[in-house]
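> The sequence isn't on hand, but the structure is:
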């Protein structure tokens, strides 16, 4: 089966494709249930330069699905009594996190995880170099939504998650990527890492390269692990001995930098389907999974920004309509919501990802006990979806409505 046939199938769904648009370089789809994998579909190249075919075991930067995985780590620390979702997060940061216009209102981990903190990404969120405090971003007035107090409005903000990582680091004394390895990656025996520092060179060399218009933009790793996995200042050494807990939670990209395979994502999905246990390993109690998945915010027509502002402006239908602790819930029965790429009205939980030309998704149907994990690379030319605010290729990968090989 060719990728051209995939794009033509999307046209059949009613999405018109520009004649000059490029095809996705690769896609992977893994369907699963509570017990394991049901079906796997793969197509395309993990690396155009070498001609290496993509597989469901190749690590890929899954973008914002990383947020969901970070939240699982948070809930492990909540269960241990190390963190409290409703405590003033300033307690963990070691300095006061307050909206300048609403200084009496505390900001909590719950508000950060559910994008109700009143922070924005307008002042930046990922480029603070090693050895410099991320806190300085918050001194910029653009970092705050001037019109809304914390807890009153939904605004999808990547900056929330570096702050969550800083709270985790200060509470444990552990570097975020290594902490996530202890809390989740190692117990579940996942070949995964946040950025590349804690993955080995063999894993890094199997990375799915991310492309825009056929040009590599991330993880062109055929020579092995990159020399430096974090942002450093001009001329500065990449010396992680300079790391300090709680100084810069963006270093290991808790908001989008998880490298994990589609099969690894499916295992995370099965963990959720089984209420915190997978393959004999109990990672969370059922109550913690319920807390993750239960919506903290539901769109009522005016109480939030319903798309990611750096990628979704101009959308006619809302992309975000229900959101829990770093978990989206789909198919919201509210006027104006376009959050149903499956087109069947079922309230699946999970998260979407969109960065560097990649689109990804992890969705579980708790009632049916089934789910799907997918990604596609170089999707910038994918047509709009025929039935939702998702792209056409996401709709096809969600449903599995793809040409047969």
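Good, I have the coordinates. All figures in this text were calculated on a predicted structure; none of them were measured in a lab.
> Strands of the stretch 251-400 of the chain, residue ranges please.
258-260, 277-278, 281-282, 297-298, 304-305, 322-323, 328-329, 349-355, 358-365, 370-377 (DSSP state E, counting those that start in this stretch).
> Which of those strands sits closest to residue 45?
Closest to residue 45 of the strands of the stretch 251-400 of the chain is strand 370-377 (Cβ to Cβ; 8.9 Å). From N, CA and C alone the C-beta is placed, and that goes for glycine too.
> So which of the strands of the stretch 251-400 of the chain is nearest residue 248?
Among these, strand 258-260 sits nearest to residue 248 (Cβ to Cβ), with 17.8 Å.
> Can you mark which positions in the closest one are buried?
Across strand 258-260, burial judged by 16 or more other Cβ atoms under 10 Å covers 258-260.
> if we can go back for a sec, point out the most buried one among the strands of the stretch 251-400 of the chain.
Among the strands of the stretch 251-400 of the chain, the stretch with the highest mean neighbour count (mean count of other Cβ atoms under 10 Å) is strand 258-260, at a mean of 29.
> What's the mean pLDDT across that strand?
The average pLDDT for strand 258-260 rounds to 98.
> Stretch 163-173 now?
pLDDT averaged over stretch 163-173 gives 98.
> Run through who's touching that stretch.
By Cβ atoms under 8 Å, 6 or more residues apart in numbering, the residues outside stretch 163-173 that reach it are 70, 73-74, 77, 82-83, 89, 92-94, 97, 109, 112-113, 119, 134, 174-176, 179, 245-250, 252, 254.
> Generate a PyMOL selection restricted to the buried subset of those.
To isolate the buried ones among the contacts of stretch 163-173 in PyMOL, judged by 16+ other Cβ under 10 Å, type:
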select buried, resi 70+73+74+77+83+89+92+93+97+109+112+113+119+134+174+175+176+179+245+246+247+248+249+250+252+254
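> Now, the contacts of stretch 163-173 that are in helices?
Counting by DSSP state H, the part of those found in helices is 70, 73-74, 77, 92-93, 109, 112-113, 176, 179.
> how about the residue nearest to the spatial centre of the chain, what does it touch?
Geometric centre of the chain, nearest residue: residue 64, 1.7 Å, by Cα atoms, centre = their mean. By Cβ under 8 Å, 6+ apart, the contact set of residue 64 is 158, 255-256, 351-355.
> quick revisit: for residue 277, state which of the ones in helices among the contacts of stretch 163-173 is nearest.
Distances from residue 277 to the ones in helices among the contacts of stretch 163-173, taken as Cβ to Cβ, are shortest for residue 73 (16.5 Å).
> how close does that closest one sit to residue 281?
15 Å (Cβ to Cβ, to the nearest Å).
> Same question for residue 131.
The gap separating residue 131 from residue 281 is 37 Å, by Cβ to Cβ.
> again, but for residue 89
On the measure of Cβ to Cβ, residue 89 and residue 281 end up 29 Å apart.
> Same check on residue 33?
For residue 33, the distance to residue 281 (Cβ to Cβ) stands at 17 Å.
> hey, which strand is longest across the protein?
The longest strand of the chain (DSSP state E) is strand 37-47.
> ok, then the element right after it?
strand 52-53 (DSSP states H and E).
> gap between that next one and the chain center?
Offset of strand 52-53 from its chain centre (Cα atoms, centre = their mean, to the nearest Å): 25 Å.
> So which residues make contact with it?
So strand 52-53 is contacted by 42, 44-46 (Cβ under 8 Å, 6+ apart).
> Strand partners (parallel or antiparallel) of that strand?
Sheet pairing of strand 52-53 (DSSP bridges) gives strand 37-47 (antiparallel).
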